[in-house]
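Chemist: what's the 3D shape of this:
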Amino acid sequence: MRIFAILFVLNTVWAKTVQISVDRNRLDEGELVTLSVEVSGSENFAKININPIKKDFEIVSGPSQQTNIQWINGSMTSTKTLSWSLSPIRGGSLTIPSLSGTVDGKSFRGKPIKIQVKKASDSDDNSVFIIGEIDKSKAYLGEQITLTYKLFKNKNISIEPFQMPEFPGFWVEDIYTPQRVQYRNVTIKGVKYQVATLGQKALFPLPSEKHSIPSITVKVQVESKRKKRRRDPFFDPFFDSFFTETKTKIIRSKEQKVEILPYPEPKPFDFSGAVGSFAIIAKTDRDTSKVNEGFTFTISLRGTGNLGLFSLPEIIFPDEIEAFPPTDKYEKDSFRDDITGSHIWEYILMPRTIGNITLPRIQMSYFNPKTGNWERTKTDPIIIPILPGETGISQGSGLTKREVELIGEDIRFIHTGPIHLSTSGAHKRNTVFLIYLCSILVFASPTFISKFTGYRLSTAEGRQIRGALRTGLQELKKQTDKPFEKASKAFYIYLKNKLILSSHNLDSGSVHTYLKEKIPSELMDKTISLLKICDAGKYAPGGIDREATILADMAELMKQIEKEMI
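Modeler: A predicted model of the protein is given here:
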(Lines give C-alpha, C1' and ligand atoms only; values in the text may rest on other atoms or scores of the structure.)
Protein backbone atom coordinates (compact mmCIF):
# COMPACT_ATOMS: atom_id res chain seq x y z
CA MET A 1 0.00 0.00 0.00
CA ARG A 2 1.33 3.45 -0.93
CA ILE A 3 1.78 5.87 1.94
CA PHE A 4 1.17 9.52 1.05
CA ALA A 5 3.25 12.13 2.78
CA ILE A 6 1.53 15.15 1.28
CA LEU A 7 -1.39 16.11 -0.90
CA PHE A 8 -0.53 19.71 -1.66
CA VAL A 9 -2.69 22.05 -3.77
CA LEU A 10 -0.51 24.64 -5.41
CA ASN A 11 -3.25 26.72 -6.91
CA THR A 12 -6.97 26.03 -6.71
CA VAL A 13 -7.58 27.75 -10.03
CA TRP A 14 -4.93 25.75 -11.85
CA ALA A 15 -5.83 22.58 -9.91
CA LYS A 16 -2.17 21.60 -9.64
CA THR A 17 -1.25 19.16 -6.88
CA VAL A 18 1.95 17.49 -5.67
CA GLN A 19 2.02 14.13 -3.90
CA ILE A 20 5.19 12.89 -2.16
CA SER A 21 4.90 9.22 -1.21
CA VAL A 22 6.72 5.95 -0.54
CA ASP A 23 5.57 2.48 -1.57
CA ARG A 24 5.95 1.12 1.99
CA ASN A 25 7.12 2.24 5.40
CA ARG A 26 8.19 -1.14 6.86
CA LEU A 27 11.00 -3.18 5.35
CA ASP A 28 14.02 -5.33 6.18
CA GLU A 29 17.54 -3.98 6.10
CA GLY A 30 18.87 -4.46 2.56
CA GLU A 31 15.48 -4.00 0.90
CA LEU A 32 14.55 -0.99 -1.22
CA VAL A 33 11.89 1.65 -0.77
CA THR A 34 10.59 3.76 -3.67
CA LEU A 35 10.15 7.51 -3.19
CA SER A 36 7.79 9.20 -5.68
CA VAL A 37 7.01 12.85 -6.38
CA GLU A 38 3.84 13.10 -8.49
CA VAL A 39 2.59 16.33 -10.08
CA SER A 40 -0.97 16.59 -11.44
CA GLY A 41 -2.25 19.35 -13.69
CA SER A 42 1.12 20.52 -15.00
CA GLU A 43 3.15 19.81 -18.10
CA ASN A 44 6.42 19.97 -16.12
CA PHE A 45 8.10 17.68 -13.62
CA ALA A 46 8.75 18.92 -10.12
CA LYS A 47 12.13 20.40 -9.24
CA ILE A 48 13.03 19.02 -5.82
CA ASN A 49 16.08 18.82 -3.59
CA ILE A 50 16.49 15.31 -2.15
CA ASN A 51 19.95 15.78 -0.62
CA PRO A 52 18.50 15.78 2.93
CA ILE A 53 17.58 12.08 2.62
CA LYS A 54 21.24 11.04 2.23
CA LYS A 55 21.68 11.05 5.99
CA ASP A 56 19.72 7.80 6.40
CA PHE A 57 19.33 6.51 2.82
CA GLU A 58 21.52 5.74 -0.15
CA ILE A 59 20.15 6.62 -3.58
CA VAL A 60 20.44 3.40 -5.58
CA SER A 61 18.84 4.69 -8.78
CA GLY A 62 16.84 7.60 -10.08
CA PRO A 63 15.26 9.83 -10.76
CA SER A 64 13.19 7.96 -13.31
CA GLN A 65 10.47 9.88 -15.13
CA GLN A 66 6.97 8.74 -15.97
CA THR A 67 4.10 10.57 -17.68
CA ASN A 68 0.49 9.39 -17.46
CA ILE A 69 -2.35 10.97 -19.48
CA GLN A 70 -6.05 10.17 -18.90
CA TRP A 71 -9.27 11.36 -20.56
CA ILE A 72 -12.20 11.62 -18.16
CA ASN A 73 -15.55 12.99 -19.38
CA GLY A 74 -13.88 14.66 -22.33
CA SER A 75 -11.20 16.42 -20.30
CA MET A 76 -7.52 15.44 -20.19
CA THR A 77 -5.65 14.84 -16.95
CA SER A 78 -1.84 14.68 -16.95
CA THR A 79 0.46 13.46 -14.17
CA LYS A 80 4.25 13.69 -14.10
CA THR A 81 6.09 11.39 -11.66
CA LEU A 82 9.71 11.30 -10.50
CA SER A 83 10.86 8.14 -8.68
CA TRP A 84 13.97 7.14 -6.71
CA SER A 85 15.00 3.75 -5.34
CA LEU A 86 16.39 4.20 -1.83
CA SER A 87 18.33 1.80 0.37
CA PRO A 88 18.44 2.32 4.17
CA ILE A 89 22.02 2.58 5.36
CA ARG A 90 21.14 1.19 8.82
CA GLY A 91 18.34 -0.47 10.71
CA GLY A 92 15.88 1.08 13.12
CA SER A 93 13.49 4.01 12.87
CA LEU A 94 14.50 6.28 9.97
CA THR A 95 12.97 9.43 8.56
CA ILE A 96 12.64 10.88 5.09
CA PRO A 97 12.81 14.56 6.06
CA SER A 98 10.58 17.34 4.79
CA LEU A 99 11.42 17.90 1.12
CA SER A 100 10.89 21.16 -0.74
CA GLY A 101 10.79 22.10 -4.40
CA THR A 102 8.98 24.03 -7.13
CA VAL A 103 6.54 23.37 -9.96
CA ASP A 104 6.05 26.06 -12.62
CA GLY A 105 7.69 28.55 -10.28
CA LYS A 106 5.38 27.73 -7.34
CA SER A 107 6.95 26.40 -4.13
CA PHE A 108 5.85 23.37 -2.15
CA ARG A 109 7.07 21.54 0.96
CA GLY A 110 6.25 18.02 2.12
CA LYS A 111 6.03 16.46 5.55
CA PRO A 112 8.49 13.96 7.07
CA ILE A 113 7.85 10.26 6.42
CA LYS A 114 8.71 7.63 9.05
CA ILE A 115 10.32 4.40 7.81
CA GLN A 116 10.79 1.37 10.08
CA VAL A 117 13.73 -0.82 9.01
CA LYS A 118 14.14 -4.27 10.54
CA LYS A 119 17.80 -4.82 11.38
CA ALA A 120 19.67 -7.61 9.62
CA SER A 121 20.47 -9.26 12.95
CA ASP A 122 16.74 -9.45 13.67
CA SER A 123 15.89 -10.89 10.28
CA ASP A 124 15.73 -14.57 9.51
CA ASP A 125 16.97 -14.03 5.94
CA ASN A 126 20.74 -14.69 5.83
CA SER A 127 20.62 -16.08 2.32
CA VAL A 128 23.11 -13.54 0.93
CA PHE A 129 25.59 -11.23 2.69
CA ILE A 130 29.02 -9.61 2.33
CA ILE A 131 31.94 -9.43 4.72
CA GLY A 132 35.18 -7.47 4.52
CA GLU A 133 38.08 -9.53 5.87
CA ILE A 134 41.24 -7.76 7.05
CA ASP A 135 44.37 -9.57 8.17
CA LYS A 136 44.96 -7.12 11.03
CA SER A 137 43.01 -4.48 12.94
CA LYS A 138 46.12 -2.79 14.38
CA ALA A 139 48.89 -1.50 12.13
CA TYR A 140 51.73 1.00 11.89
CA LEU A 141 51.74 3.86 9.40
CA GLY A 142 52.96 2.38 6.12
CA GLU A 143 52.29 -1.24 7.14
CA GLN A 144 50.26 -3.31 4.68
CA ILE A 145 46.71 -4.31 5.60
CA THR A 146 45.25 -6.92 3.25
CA LEU A 147 41.52 -6.45 2.68
CA THR A 148 39.33 -9.07 0.98
CA TYR A 149 35.64 -8.54 0.20
CA LYS A 150 33.69 -11.83 0.08
CA LEU A 151 30.09 -12.54 -0.91
CA PHE A 152 28.20 -15.50 0.61
CA LYS A 153 24.96 -16.95 -0.78
CA ASN A 154 22.74 -20.01 -0.49
CA LYS A 155 20.15 -18.86 -3.04
CA ASN A 156 20.32 -18.15 -6.74
CA ILE A 157 21.29 -14.50 -7.22
CA SER A 158 22.54 -12.21 -9.95
CA ILE A 159 24.98 -9.43 -9.10
CA GLU A 160 24.65 -6.04 -10.75
CA PRO A 161 27.80 -4.06 -11.63
CA PHE A 162 29.37 -2.45 -8.56
CA GLN A 163 32.32 -0.25 -7.65
CA MET A 164 34.91 -0.55 -4.93
CA PRO A 165 34.58 2.16 -2.28
CA GLU A 166 37.04 4.98 -1.74
CA PHE A 167 39.68 4.44 0.96
CA PRO A 168 40.44 7.81 2.59
CA GLY A 169 43.50 7.69 4.82
CA PHE A 170 45.12 4.83 2.88
CA TRP A 171 47.43 4.30 -0.08
CA VAL A 172 45.81 1.50 -2.12
CA GLU A 173 47.44 -1.17 -4.29
CA ASP A 174 45.31 -3.69 -6.19
CA ILE A 175 46.09 -7.34 -5.46
CA TYR A 176 43.25 -9.21 -7.15
CA THR A 177 40.24 -8.14 -9.21
CA PRO A 178 38.27 -11.07 -10.68
CA GLN A 179 37.19 -10.88 -14.31
CA ARG A 180 34.05 -12.77 -13.31
CA VAL A 181 32.69 -13.96 -10.00
CA GLN A 182 33.58 -17.57 -9.18
CA TYR A 183 32.09 -19.49 -6.26
CA ARG A 184 33.35 -22.29 -4.03
CA ASN A 185 31.47 -24.27 -1.38
CA VAL A 186 31.88 -23.58 2.35
CA THR A 187 29.98 -24.44 5.52
CA ILE A 188 29.32 -21.84 8.24
CA LYS A 189 27.79 -23.02 11.52
CA GLY A 190 26.34 -26.05 9.79
CA VAL A 191 24.82 -24.01 6.93
CA LYS A 192 26.11 -24.58 3.39
CA TYR A 193 27.02 -21.48 1.40
CA GLN A 194 28.77 -20.57 -1.80
CA VAL A 195 31.43 -17.86 -1.41
CA ALA A 196 33.08 -15.63 -4.02
CA THR A 197 35.86 -13.06 -3.74
CA LEU A 198 34.77 -9.66 -5.06
CA GLY A 199 38.21 -8.08 -4.79
CA GLN A 200 41.40 -7.88 -2.76
CA LYS A 201 43.32 -4.71 -1.90
CA ALA A 202 46.55 -3.83 -0.10
CA LEU A 203 45.99 -0.80 2.13
CA PHE A 204 48.85 1.26 3.56
CA PRO A 205 47.80 3.72 6.31
CA LEU A 206 48.83 7.33 5.70
CA PRO A 207 48.89 10.14 8.28
CA SER A 208 45.20 10.97 8.77
CA GLU A 209 42.71 11.73 11.53
CA LYS A 210 40.64 8.61 10.80
CA HIS A 211 41.43 5.14 9.52
CA SER A 212 38.36 3.02 8.78
CA ILE A 213 37.76 0.23 6.29
CA PRO A 214 34.63 1.37 4.41
CA SER A 215 31.72 -0.90 3.61
CA ILE A 216 31.11 -2.07 0.07
CA THR A 217 27.60 -1.85 -1.38
CA VAL A 218 26.32 -4.38 -3.92
CA LYS A 219 22.91 -4.61 -5.55
CA VAL A 220 21.69 -8.17 -6.18
CA GLN A 221 18.59 -9.86 -7.55
CA VAL A 222 17.61 -12.73 -5.24
CA GLU A 223 15.53 -15.55 -6.71
CA SER A 224 12.96 -17.19 -4.43
CA LYS A 225 9.87 -19.36 -4.77
CA ARG A 226 6.48 -17.74 -4.79
CA LYS A 227 4.26 -18.43 -1.85
CA LYS A 228 2.33 -21.68 -2.22
CA ARG A 229 -1.15 -21.20 -3.65
CA ARG A 230 -4.29 -22.74 -2.32
CA ARG A 231 -5.56 -25.89 -3.97
CA ASP A 232 -6.99 -25.14 -7.37
CA PRO A 233 -8.55 -27.80 -9.63
CA PHE A 234 -6.98 -26.12 -12.67
CA PHE A 235 -3.39 -26.10 -11.31
CA ASP A 236 -1.41 -29.13 -10.29
CA PRO A 237 0.86 -28.59 -7.24
CA PHE A 238 3.65 -30.15 -9.32
CA PHE A 239 4.03 -26.86 -11.19
CA ASP A 240 4.52 -24.78 -8.02
CA SER A 241 8.28 -25.31 -8.16
CA PHE A 242 8.46 -23.62 -11.58
CA PHE A 243 6.99 -20.35 -10.34
CA THR A 244 9.70 -18.13 -8.86
CA GLU A 245 10.14 -14.43 -8.30
CA THR A 246 13.15 -12.15 -8.00
CA LYS A 247 13.60 -9.57 -5.31
CA THR A 248 16.02 -6.64 -5.38
CA LYS A 249 18.26 -6.45 -2.34
CA ILE A 250 21.09 -4.14 -1.31
CA ILE A 251 23.80 -5.82 0.73
CA ARG A 252 26.65 -4.11 2.54
CA SER A 253 29.67 -5.14 4.52
CA LYS A 254 30.29 -3.60 7.92
CA GLU A 255 32.64 -0.67 8.38
CA GLN A 256 35.73 -1.56 10.42
CA LYS A 257 38.09 0.67 12.36
CA VAL A 258 41.86 0.28 12.27
CA GLU A 259 44.02 1.28 15.23
CA ILE A 260 47.29 2.99 14.26
CA LEU A 261 50.25 2.03 16.43
CA PRO A 262 53.07 4.50 17.18
CA TYR A 263 56.64 3.82 16.05
CA PRO A 264 59.10 3.02 18.84
CA GLU A 265 61.34 5.89 19.89
CA PRO A 266 63.86 7.12 19.02
CA LYS A 267 63.49 7.14 15.25
CA PRO A 268 66.73 6.74 13.24
CA PHE A 269 68.04 9.89 11.56
CA ASP A 270 67.96 8.23 8.12
CA PHE A 271 64.37 6.96 8.34
CA SER A 272 62.34 8.29 5.40
CA GLY A 273 59.10 6.32 5.83
CA ALA A 274 60.10 2.80 4.73
CA VAL A 275 58.08 0.07 6.47
CA GLY A 276 58.67 -3.60 5.67
CA SER A 277 61.82 -5.56 4.86
CA PHE A 278 64.32 -4.24 2.30
CA ALA A 279 67.82 -4.71 0.88
CA ILE A 280 69.79 -2.11 -1.06
CA ILE A 281 72.50 -2.69 -3.71
CA ALA A 282 74.72 -0.16 -5.52
CA LYS A 283 76.89 -0.73 -8.60
CA THR A 284 78.50 1.06 -11.54
CA ASP A 285 78.55 0.01 -15.19
CA ARG A 286 82.37 0.11 -15.30
CA ASP A 287 85.38 -0.24 -13.01
CA THR A 288 87.27 2.81 -14.30
CA SER A 289 86.39 5.99 -16.13
CA LYS A 290 88.03 9.01 -17.73
CA VAL A 291 87.78 12.71 -17.17
CA ASN A 292 84.59 14.09 -18.77
CA GLU A 293 83.44 10.56 -19.64
CA GLY A 294 80.13 9.74 -18.00
CA PHE A 295 79.31 6.46 -16.30
CA THR A 296 76.15 5.05 -14.72
CA PHE A 297 75.69 4.62 -10.97
CA THR A 298 72.72 2.33 -10.20
CA ILE A 299 70.99 1.93 -6.85
CA SER A 300 68.53 -0.96 -6.49
CA LEU A 301 66.17 -1.26 -3.55
CA ARG A 302 64.26 -4.53 -3.32
CA GLY A 303 61.92 -5.84 -0.67
CA THR A 304 58.42 -6.23 0.67
CA GLY A 305 56.51 -3.28 2.07
CA ASN A 306 55.40 0.20 1.13
CA LEU A 307 57.60 0.55 -1.94
CA GLY A 308 56.89 3.76 -3.80
CA LEU A 309 55.81 5.65 -0.68
CA PHE A 310 59.27 6.78 0.38
CA SER A 311 62.53 7.97 -1.14
CA LEU A 312 66.18 7.39 -0.41
CA PRO A 313 68.00 9.75 1.94
CA GLU A 314 69.83 12.51 0.06
CA ILE A 315 73.09 11.32 -1.51
CA ILE A 316 76.09 13.67 -1.20
CA PHE A 317 78.50 13.01 -4.08
CA PRO A 318 82.14 14.20 -3.95
CA ASP A 319 82.95 17.60 -5.46
CA GLU A 320 85.09 15.93 -8.15
CA ILE A 321 81.95 14.45 -9.72
CA GLU A 322 79.04 16.18 -11.41
CA ALA A 323 75.83 14.21 -10.79
CA PHE A 324 72.78 14.61 -13.00
CA PRO A 325 69.19 14.05 -11.84
CA PRO A 326 68.43 10.31 -11.70
CA THR A 327 65.87 8.31 -13.61
CA ASP A 328 63.82 5.98 -11.45
CA LYS A 329 61.74 2.90 -12.16
CA TYR A 330 59.36 0.96 -9.92
CA GLU A 331 58.48 -2.66 -10.68
CA LYS A 332 55.93 -4.66 -8.69
CA ASP A 333 55.96 -8.45 -8.56
CA SER A 334 52.68 -9.97 -9.67
CA PHE A 335 50.77 -12.77 -7.96
CA ARG A 336 51.93 -11.86 -4.46
CA ASP A 337 49.60 -11.03 -1.58
CA ASP A 338 52.32 -8.96 0.10
CA ILE A 339 53.40 -6.06 -2.10
CA THR A 340 56.91 -6.96 -3.25
CA GLY A 341 59.06 -5.37 -5.91
CA SER A 342 62.06 -3.19 -6.65
CA HIS A 343 62.80 0.51 -7.03
CA ILE A 344 65.78 1.44 -9.21
CA TRP A 345 67.54 4.81 -9.49
CA GLU A 346 70.15 5.47 -12.20
CA TYR A 347 72.53 8.43 -11.98
CA ILE A 348 74.77 9.69 -14.78
CA LEU A 349 78.02 10.75 -13.08
CA MET A 350 80.64 12.91 -14.83
CA PRO A 351 84.16 12.96 -13.31
CA ARG A 352 85.98 16.29 -13.73
CA THR A 353 89.42 15.50 -12.27
CA ILE A 354 92.02 12.71 -12.36
CA GLY A 355 92.45 10.34 -9.40
CA ASN A 356 90.52 7.88 -7.29
CA ILE A 357 86.97 8.97 -6.52
CA THR A 358 84.93 7.33 -3.77
CA LEU A 359 81.19 7.02 -4.26
CA PRO A 360 79.52 7.30 -0.86
CA ARG A 361 77.89 4.52 1.11
CA ILE A 362 74.11 4.40 0.61
CA GLN A 363 72.20 3.53 3.75
CA MET A 364 68.59 3.62 4.85
CA SER A 365 66.75 2.71 8.04
CA TYR A 366 63.34 1.06 7.90
CA PHE A 367 60.83 -0.24 10.40
CA ASN A 368 60.12 -3.97 10.32
CA PRO A 369 56.57 -4.52 11.66
CA LYS A 370 57.10 -8.28 11.98
CA THR A 371 59.89 -7.84 14.52
CA GLY A 372 58.77 -4.46 15.84
CA ASN A 373 62.34 -3.17 15.50
CA TRP A 374 64.29 -0.62 13.50
CA GLU A 375 66.61 -2.18 10.92
CA ARG A 376 69.13 -0.77 8.46
CA THR A 377 70.34 -1.73 5.00
CA LYS A 378 73.45 -0.22 3.43
CA THR A 379 76.01 -0.57 0.66
CA ASP A 380 79.80 -0.39 0.69
CA PRO A 381 81.59 2.66 -0.73
CA ILE A 382 82.72 2.23 -4.35
CA ILE A 383 86.16 3.47 -5.47
CA ILE A 384 86.44 4.46 -9.15
CA PRO A 385 89.89 5.31 -10.64
CA ILE A 386 89.58 8.30 -12.99
CA LEU A 387 92.10 8.35 -15.84
CA PRO A 388 93.07 11.27 -18.10
CA GLY A 389 90.69 11.93 -20.96
CA GLU A 390 91.42 11.69 -24.67
CA THR A 391 94.05 14.01 -26.12
CA GLY A 392 92.54 17.36 -26.85
CA ILE A 393 89.46 16.57 -24.83
CA SER A 394 90.51 16.63 -21.20
CA GLN A 395 92.55 19.75 -22.00
CA GLY A 396 89.40 21.52 -23.12
CA SER A 397 87.71 24.47 -21.57
CA GLY A 398 86.14 22.38 -18.77
CA LEU A 399 82.77 23.98 -19.30
CA THR A 400 79.80 22.55 -17.47
CA LYS A 401 76.63 21.28 -19.11
CA ARG A 402 75.00 24.71 -18.75
CA GLU A 403 77.95 26.49 -20.43
CA VAL A 404 78.49 24.29 -23.46
CA GLU A 405 76.88 25.68 -26.60
CA LEU A 406 77.24 24.72 -30.24
CA ILE A 407 77.91 27.84 -32.31
CA GLY A 408 78.17 28.52 -36.01
CA GLU A 409 75.07 26.55 -36.97
CA ASP A 410 72.81 29.56 -37.22
CA ILE A 411 74.83 31.50 -39.83
CA ARG A 412 73.40 31.71 -43.36
CA PHE A 413 75.92 33.09 -45.88
CA ILE A 414 74.95 35.62 -48.56
CA HIS A 415 74.27 33.94 -51.91
CA THR A 416 76.55 35.46 -54.56
CA GLY A 417 75.79 33.26 -57.58
CA PRO A 418 73.32 33.96 -60.40
CA ILE A 419 69.62 33.69 -59.63
CA HIS A 420 67.35 31.86 -62.08
CA LEU A 421 63.78 33.12 -62.34
CA SER A 422 60.86 31.75 -64.36
CA THR A 423 57.30 32.88 -65.00
CA SER A 424 54.43 30.94 -63.48
CA GLY A 425 52.34 30.99 -66.65
CA ALA A 426 54.60 28.54 -68.44
CA HIS A 427 53.71 25.81 -65.98
CA LYS A 428 49.94 26.26 -65.73
CA ARG A 429 49.10 23.68 -68.38
CA ASN A 430 51.40 21.05 -66.86
CA THR A 431 50.02 21.76 -63.37
CA VAL A 432 46.41 21.20 -64.47
CA PHE A 433 47.35 17.96 -66.21
CA LEU A 434 49.20 16.78 -63.09
CA ILE A 435 46.18 17.50 -60.87
CA TYR A 436 43.89 15.41 -63.10
CA LEU A 437 46.42 12.56 -63.17
CA CYS A 438 46.73 12.55 -59.36
CA SER A 439 42.94 12.48 -58.98
CA ILE A 440 42.70 9.39 -61.19
CA LEU A 441 45.44 7.66 -59.21
CA VAL A 442 43.77 8.47 -55.88
CA PHE A 443 40.49 6.82 -56.93
CA ALA A 444 42.09 3.86 -58.71
CA SER A 445 44.92 2.98 -56.32
CA PRO A 446 42.94 1.35 -53.43
CA THR A 447 41.85 -1.55 -55.64
CA PHE A 448 45.38 -2.37 -56.77
CA ILE A 449 47.00 -1.76 -53.40
CA SER A 450 44.58 -4.00 -51.49
CA LYS A 451 45.18 -6.79 -54.01
CA PHE A 452 48.90 -6.96 -53.20
CA THR A 453 49.10 -5.82 -49.58
CA GLY A 454 45.94 -7.35 -48.11
CA TYR A 455 43.94 -6.06 -45.23
CA ARG A 456 46.92 -5.25 -43.06
CA LEU A 457 47.32 -1.91 -44.82
CA SER A 458 44.02 -0.80 -43.32
CA THR A 459 45.17 -1.33 -39.76
CA ALA A 460 46.85 1.50 -37.88
CA GLU A 461 49.23 -0.90 -36.13
CA GLY A 462 50.43 -2.40 -39.40
CA ARG A 463 51.23 1.02 -40.84
CA GLN A 464 52.95 2.03 -37.61
CA ILE A 465 55.18 -1.08 -37.61
CA ARG A 466 56.18 -0.75 -41.27
CA GLY A 467 56.84 2.97 -40.93
CA ALA A 468 58.87 2.71 -37.73
CA LEU A 469 62.29 2.89 -39.43
CA ARG A 470 61.22 5.73 -41.69
CA THR A 471 59.91 7.70 -38.70
CA GLY A 472 63.12 7.13 -36.74
CA LEU A 473 65.34 8.20 -39.65
CA GLN A 474 63.23 11.31 -40.22
CA GLU A 475 63.72 12.23 -36.57
CA LEU A 476 67.50 11.96 -37.04
CA LYS A 477 67.40 14.36 -40.00
CA LYS A 478 65.81 17.18 -38.01
CA GLN A 479 68.05 20.18 -37.36
CA THR A 480 69.53 20.05 -33.85
CA ASP A 481 72.38 21.34 -31.72
CA LYS A 482 72.08 18.34 -29.37
CA PRO A 483 73.03 15.30 -31.50
CA PHE A 484 73.36 12.85 -28.60
CA GLU A 485 69.90 13.65 -27.27
CA LYS A 486 68.47 13.54 -30.82
CA ALA A 487 70.06 10.13 -31.50
CA SER A 488 68.64 8.45 -28.39
CA LYS A 489 65.23 10.07 -28.92
CA ALA A 490 65.06 8.84 -32.52
CA PHE A 491 65.93 5.29 -31.43
CA TYR A 492 63.26 5.22 -28.73
CA ILE A 493 60.68 6.54 -31.23
CA TYR A 494 61.69 3.79 -33.66
CA LEU A 495 61.47 1.06 -31.01
CA LYS A 496 58.13 2.31 -29.66
CA ASN A 497 56.55 2.24 -33.13
CA LYS A 498 58.17 -1.05 -34.15
CA LEU A 499 57.00 -2.96 -31.07
CA ILE A 500 53.73 -1.01 -30.50
CA LEU A 501 54.77 -0.01 -26.99
CA SER A 502 52.46 2.05 -24.81
CA SER A 503 55.16 3.42 -22.51
CA HIS A 504 57.14 6.55 -23.36
CA ASN A 505 59.64 5.99 -20.51
CA LEU A 506 62.30 3.91 -22.26
CA ASP A 507 65.91 3.45 -21.17
CA SER A 508 68.76 1.05 -21.89
CA GLY A 509 67.40 -1.44 -19.34
CA SER A 510 63.94 -1.61 -20.88
CA VAL A 511 65.46 -1.78 -24.39
CA HIS A 512 67.37 -4.90 -23.35
CA THR A 513 64.14 -6.44 -22.02
CA TYR A 514 62.19 -5.76 -25.23
CA LEU A 515 64.91 -6.81 -27.72
CA LYS A 516 66.71 -9.70 -25.98
CA GLU A 517 64.60 -12.34 -27.77
CA LYS A 518 64.57 -10.53 -31.13
CA ILE A 519 68.17 -9.65 -32.06
CA PRO A 520 71.59 -11.39 -31.70
CA SER A 521 73.61 -10.76 -28.55
CA GLU A 522 76.38 -8.94 -30.50
CA LEU A 523 73.87 -6.48 -31.89
CA MET A 524 72.31 -6.12 -28.44
CA ASP A 525 75.70 -5.20 -26.93
CA LYS A 526 76.25 -2.65 -29.68
CA THR A 527 72.80 -1.15 -29.05
CA ILE A 528 73.27 -0.79 -25.30
CA SER A 529 76.78 0.64 -25.79
CA LEU A 530 75.57 3.28 -28.24
CA LEU A 531 72.67 4.29 -25.97
CA LYS A 532 75.06 4.74 -23.05
CA ILE A 533 77.31 6.88 -25.24
CA CYS A 534 74.25 9.02 -25.97
CA ASP A 535 73.47 9.33 -22.26
CA ALA A 536 77.03 10.38 -21.46
CA GLY A 537 77.32 12.66 -24.48
CA LYS A 538 74.25 14.68 -23.49
CA TYR A 539 76.24 16.33 -20.73
CA ALA A 540 79.94 15.62 -21.29
CA PRO A 541 82.27 17.90 -23.23
CA GLY A 542 84.39 14.74 -23.52
CA GLY A 543 81.84 13.20 -25.83
CA ILE A 544 82.54 15.65 -28.61
CA ASP A 545 84.73 13.12 -30.48
CA ARG A 546 81.55 11.17 -31.38
CA GLU A 547 79.43 14.25 -31.97
CA ALA A 548 80.01 14.30 -35.72
CA THR A 549 79.20 10.60 -36.23
CA ILE A 550 76.60 9.73 -33.57
CA LEU A 551 73.60 10.42 -35.83
CA ALA A 552 75.02 8.31 -38.66
CA ASP A 553 75.94 5.53 -36.23
CA MET A 554 72.42 5.49 -34.82
CA ALA A 555 70.88 5.39 -38.31
CA GLU A 556 73.06 2.40 -39.21
CA LEU A 557 72.12 0.66 -35.94
CA MET A 558 68.38 1.07 -36.56
CA LYS A 559 68.78 -0.35 -40.09
CA GLN A 560 70.60 -3.42 -38.71
CA ILE A 561 67.88 -4.02 -36.11
CA GLU A 562 65.21 -3.60 -38.81
CA LYS A 563 66.81 -6.37 -40.88
CA GLU A 564 66.87 -8.74 -37.91
CA MET A 565 63.20 -8.08 -37.05
CA ILE A 566 61.71 -8.49 -40.53
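
Chemist: Can you list the low-confidence ranges for the stretch 151-300 of the chain?
Modeler: 225-243 (pLDDT under 70).

Chemist: let's see it at 80
Modeler: 224-245 (pLDDT under 80).

Chemist: do the stretch 451-566 of the chain as well
Modeler: 451-464, 501-510, 513, 535-547, 566.

Chemist: how about the helices of it, start to end?
Modeler: 460-466, 468-477, 483-499, 508-515, 521-537, 550-565 (DSSP state H, counting those that start in this stretch).

Chemist: what's the burial count for Asp481?
Modeler: The number of residues packed near Asp481 is 12, by other C-beta atoms under 10 Å. The way it works is simple: take the backbone N, C-alpha and C, and place the C-beta from them, glycine included.

Chemist: oh sorry, the question was meant for Arg109
Modeler: 12.

Chemist: now Ser78
Modeler: 13.

Chemist: Nearest residue to it in space, please, no chain neighbours.
Modeler: Nearest residue to Ser78 in three dimensions, chain neighbours excluded: Ile69, at 5.2 Å (C-beta to C-beta, 6 or more residues apart in numbering).

Chemist: and if you look at Gln144?
Modeler: Looking at Gln144 with C-beta to C-beta, 6+ apart, the closest residue is Ala202, at 5.2 Å.

Chemist: isn't the one you found right up against Ile339?
Modeler: Yes - at 5.1 Å, Ala202 counts as touching Ile339 under the criterion of C-beta atoms under 8 Å.

Chemist: contacting residues for the residue lying closest to Ser300 once chain neighbours are set aside?
Modeler: Counting by C-beta to C-beta, 6+ apart, Ile281 is the residue found nearest to Ser300 once chain neighbours are left out, at 4.7 Å. Counting by C-beta atoms under 8 Å, 6 or more residues apart in numbering, Ile281 makes contact with Ile299, Ser300, Leu301, Arg302, Thr379.

Chemist: coming back round to it: where do the contact lists of Ala202 and Ile339 overlap?
Modeler: By C-beta under 8 Å, 6+ apart, the residues touching both Ala202 and Ile339 are Gln144, Glu173, Ile175.

Chemist: want to throw the residues you listed into TSV with distance to Val18?
Modeler: Below are those laid out as TSV (distance: C-beta to C-beta, whole Å):
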residue	distance to Val18
Gln144	54
Glu173	50
Ile175	50
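
Chemist: Which parts of the stretch 151-300 of the chain are helices?
Modeler: According to DSSP H, counting those that start in this stretch, the stretch 151-300 of the chain contains no helices.

Chemist: Find the residue ranges of the stretch 301-450 of the chain scoring beneath the pLDDT cut-off.
Modeler: In the stretch 301-450 of the chain, residues with pLDDT under 80: 334-336, 389-450.

Chemist: where do the helices sit along it?
Modeler: With DSSP H, counting those that start in this stretch as the criterion, the stretch 301-450 of the chain has helices spanning 428-453.

Chemist: if we can go back for a sec, buried ones among the shared contacts of Ala202 and Ile339?
Modeler: Listed as buried from the shared contacts of Ala202 and Ile339 are Gln144, Glu173, Ile175; burial here means 16 or more other C-beta atoms under 10 Å.

Chemist: and the last one, how far is that from Arg336?
Modeler: Same thing as Ile175. Distance, Ile175 to Arg336, using C-beta to C-beta, to the nearest Å: 8 Å.
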